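Peer 1: Just a sequence and a predicted model for now, questions to come.
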Amino acid sequence: MQRPLFSLGQVVATPGALHLGVNFYPYLRRHQCGDWGELDAEDRAENDFSVRNGLRILSVYRTPSGTRFWIITEADRSATTVLLPSEY
């Protein structure tokens, strides 16, 4: 397992994300360790830049049933939110 690259801060989830009934811990760990999920090369590079420069970080994953969700860590690392794209 890789080492965390940044602090998640307070972790919260939106009602839609909670409704999925998924254990988000493994996805949060992936996000924190630089596995950005389903992002293209340009967005992966943007996240790598954001980690180094204290900017907002976005990862995209799918549940086992195929529902897409996002994990966003704020630039100041005060909070990380798990949400559905429709809730943004």
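Peer 2: Yep, it's here.

Peer 1: For residue 5, see how far away the residue in the chain sticking out farthest from the centre is.
Peer 2: Residue farthest from the centre of the chain, counting by CA atoms, centre = their mean, is residue 65 at 18.2 Å. Distance, residue 65 to residue 5, using CB to CB, to the nearest Å: 28 Å. Yep, even glycine has a C-beta here, placed from its N, CA and C like the rest.

Peer 1: cool, residue 50 as well?
Peer 2: Taking CB to CB, one finds residue 50 at 10 Å from residue 5.

Peer 1: Could you do residue 47 as well?
Peer 2: As defined by CB to CB, residue 47 lies at a distance of 10 Å from residue 5.

Peer 1: what secondary structure does the residue farthest from the centre of the chain sit in?
Peer 2: coil (DSSP: H, G, I helix; E, B strand; the rest coil).

Peer 1: the longest helix in this structure is where?
Peer 2: The single longest helix within the chain, with elements called by DSSP state H, is helix 41-53.

Peer 1: where does the protein have low pLDDT?
Peer 2: 1 (pLDDT under 70).

Peer 1: What are the boundaries of the strands in it?
Peer 2: 10-13, 57-62, 68-73, 79-83 (DSSP state E).

Peer 1: Let's have these in JSON lines, adding distance to residue 21.
Peer 2: Converted to JSON lines, these look like this (distance: least, CB to CB, whole Å):
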{"stretch": "strand 10-13", "distance to residue 21": "11"}
{"stretch": "strand 57-62", "distance to residue 21": "14"}
{"stretch": "strand 68-73", "distance to residue 21": "12"}
{"stretch": "strand 79-83", "distance to residue 21": "13"}
